[in-house]
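# mind folding the following:
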Amino acid sequence: MNIFVVIKRTFDTEEKIVIKNGKISEDEAEFIINPYDEYAIEEAIKLREEHGGEVTVVTIGEDEAEKQLRTALAMGADIAVLINNEDLTAGDPFTTATILAAFLKEKDPDIILAGNVTVDGSTGQVGPRLAEELGMAVVTSITKLVVNGDKAVIERDVEGDTEIVEAKLPLLVTCQQGLNEPRYPSLPGIMKAKKKPLEALELDDLDLEEEDVEAKLKTIEIFLPPDKGAGKILEGDLEQQAKELINLLKTEAKVI
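From the prediction side, this is the model:
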């Protein structure tokens with residue numbers, strides 16, 4: 001089975017994020033594999049273990065993204081590909097999907113896996129856009145995947161309920177929390193990852209020019225949410241607390 005996983009280098013939302021000049025300061029941020037992409041990597045490895053074949057992870061980024069690719073290789077992926085975008089001034093889901101489609105169109109994938117969303121942009125657009133570019137079926141927000149021959153039976157999350165879908169390969173799926181439990185890279189895996197192939201490509205290698213992938217969206221401003229004030233503890237009996245709560249909702253929160 002020819003399996004591809006699309007991943008992204010994102011900042012760790014568990015760590016402090018600093019905004020400078022309307023942008024997230026990379027000097028102050030810790031970077032990781034987008035957490036939803038880890039579910040995609042794990043599921044790809046499980047598919048290979050069950051059906052055989054090869055798992056290729058691919059990302060778009062600068063040289064720093066090699067670290068996240070090596071982590072994916074240490075988890076068990078076979079090949080990594082870094083498509084360098086340092087010459088691009090800006091990008092958006094259109095940019096990402098167009099570049100990935102140019103890379104994947106000649107690769108004859110049986111299945112492509114991606115995270116449901118990224119924790120930085122959270123648009124959820126790249127997977128469906130990429131599938132459209134490749135003329136491939138897509139199922140989003142999956143929580144279970146069973147492949148049998150050229151068919152896949154999929155469970156997907158739909159607003160707190162579950163939908164069961166059957167689709168034919170080739171297929172693109174986006175992975176949601178609950179699909180699996182991503183493995184940690186083992187020490188032997190980390191050592192093996194150093195010897196696994198990591199291919200570096202430029203836009204020229206994909207016959208793309210900057211104007212072909214020019215972003216359609218423009219970010220106007222990035223800002224942190226306002227600091228929350230201290231909470232209040234209401235005292236007295238229930239009737240007194242209820243009256244005080246109503247008064248605060250009127251005078252301070254101004255919601256009634």
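# for the longest helix along the chain, name the packing helices and strands.
When the chain is parsed with DSSP state H, its longest helix is helix 35-51. Contact here means 3 or more CB pairs under 8 Å, 6 or more residues apart in numbering; DSSP states H and E; on that basis helix 35-51 packs against strand 2-6, strand 54-61, helix 66-75, strand 111-115, strand 137-148, strand 171-175. Heads up, the C-betas are built off the backbone N, CA and C, glycines and all.
# what's that helix in contact with?
1, 3-8, 33, 53-55, 57, 72, 75-78, 111, 113-119, 145, 147, 174-177, 179-183 (CB atoms under 8 Å, 6 or more residues apart in numbering).
# now the helices and strands packed on helix 35-51 as TSV including mean pLDDT?
Output for the helices and strands packed on helix 35-51, formatted as TSV (pLDDT from 0 to 100):
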stretch	mean pLDDT
strand 2-6	98
strand 54-61	97
helix 66-75	96
strand 111-115	97
strand 137-148	96
strand 171-175	97
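# need the ones you listed in a markdown table (columns: distance to residue 206 and mean neighbour count).
Compiled in a markdown table, the helices and strands packed on helix 35-51 are given as follows (distance: least, CB to CB, whole Å; neighbours: other CB atoms under 10 Å):
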| stretch | distance to residue 206 | mean neighbour count |
| --- | --- | --- |
| strand 2-6 | 15 | 23 |
| strand 54-61 | 11 | 23 |
| helix 66-75 | 17 | 22 |
| strand 111-115 | 16 | 27 |
| strand 137-148 | 22 | 18 |
| strand 171-175 | 19 | 26 |
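# of these, which is nearest residue 156?
strand 137-148 (4.9 Å; CB to CB).
# so how far is residue 102 from residue 201?
10 Å (CB to CB, to the nearest Å).
# looking at the two, which has the bigger crowd around it?
residue 102 (19 against 16; other CB atoms under 10 Å).
# element containing the more buried one, please.
helix 93-104 (DSSP states H and E).
# now that helix against strand 111-115, angle please.
Going by axes from the mean of the first three to the mean of the last three CA atoms, to 10 degrees, helix 93-104 is angled at 150 degrees with respect to strand 111-115.
# export the helices and strands packed on helix 35-51 to JSON lines and tack on distance to residue 29?
Listed next are the helices and strands packed on helix 35-51 as JSON lines, based on distance: least, CB to CB, whole Å:
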{"stretch": "strand 2-6", "distance to residue 29": "22"}
{"stretch": "strand 54-61", "distance to residue 29": "14"}
{"stretch": "helix 66-75", "distance to residue 29": "13"}
{"stretch": "strand 111-115", "distance to residue 29": "19"}
{"stretch": "strand 137-148", "distance to residue 29": "27"}
{"stretch": "strand 171-175", "distance to residue 29": "24"}
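# among those, which is nearest residue 160?
So among the helices and strands packed on helix 35-51, strand 137-148 is nearest, using CB to CB, at 11.6 Å.
# past the closest one, which element shows up next along the chain?
In N-to-C order, the element after strand 137-148 by DSSP H and E is strand 151-158.
# following that following strand, which helix or strand shows up next?
In N-to-C order, the element after strand 151-158 by DSSP H and E is strand 161-168.
# pairing partners for the least confident helix or strand in the chain by mean pLDDT, with directions?
Using mean pLDDT, DSSP states H and E, the weakest-scoring helix or strand in the chain turns out to be strand 23-24, at a mean of 73. Take DSSP bridges as the rule and strand 23-24 pairs in its sheet with strand 19-20 (antiparallel).
# give the rounded mean pLDDT of the strand it pairs with.
What strand 19-20 shows for mean pLDDT is 76.
# what inclination does the helix holding residue 102 have with respect to strand 171-175?
Going by the same axes, to 10 degrees, helix 93-104 makes 130 degrees with strand 171-175.
# what's the angle from helix 93-104 to strand 2-6?
For helix 93-104 against strand 2-6, the angle between stretch directions is 150 degrees (the same axes, to 10 degrees).
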